[in-house]
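>>> quick one: sequence plus predicted model below, questions after.
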Amino acid sequence: MSAALLRRGLELLEPPGHGKAPPGAQRGRDGPRATGAARRRKRTPEPGRNKATVKGRVVKSAIEEYHKKKPVNHLRENLQYMLKGRLVADKAITEKVLAQNRGRKSKDQPPEKAEKKKPEGTVFTEEDFRKFEREYFGIP
């Protein structure tokens, strides 16, 4: 990785509010001793409160933290949302979608539904049969 790319990456990670250093300051290092001095130089502490002290710290309540992170039941809102739109899809489209989502193996296919056969009944009554016998066979 080149030094220019490394510098650009560090500029991206720099916290906001810290401006770029003037270009003369970056290139102002002369000689091999300047690089060692830059490493040894201590970073100046940033203005702000000392994190090691307790002054100004707010004690968080464990109960409040528990209530913040407690799971919320969204069932009622979800049901109202689902019941709000009552668009029913066409039966053929529904079957196509279900067929696409099933696997191609025979174990994934639903069993074939056999159509129920209605018992074959006659449209003729007993009286009609007797009348037919009389006319055809001549039996009184």
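Looks like it arrived, so ask away. Note that this is a predicted model, so its numbers are computed, not measured.
>>> tell me, how many residues neighbour Val88?
6 (other Cβ atoms under 10 Å). The C-beta positions use only the backbone N, C-alpha and C, and glycine is treated the same way.
>>> how close does it sit to Thr94?
Noted for Val88: a distance of 9 Å to Thr94, by Cβ to Cβ, to the nearest Å.
>>> by mean pLDDT, point me to the weakest helix or strand of the protein.
Every helix and strand in the chain was compared by mean pLDDT, DSSP states H and E; the lowest is helix 23-26, with a mean of 52.
>>> what about Lys60, which helix or strand?
Counting by DSSP states H and E, no helix or strand carries Lys60.
>>> separation between it and Tyr66?
For Lys60 relative to Tyr66 (Cβ to Cβ), the value is 11 Å.
>>> for Lys70, grab phi and psi.
phi -70, psi 140 (degrees, to the nearest 10).
>>> tell me how many other residues crowd it.
7.
>>> contacting residues for it?
Residues counted as contacts of Lys70 (Cβ atoms under 8 Å, 6 or more residues apart in numbering): none.
>>> does the residue nearest to the spatial centre of the chain count as helix, strand or coil?
Residue closest to the average C-alpha location in the chain (Cα atoms, centre = their mean): Asn78, at 15.2 Å. The three-state label given to Asn78 by DSSP: H, G, I helix; E, B strand; the rest coil is helix.
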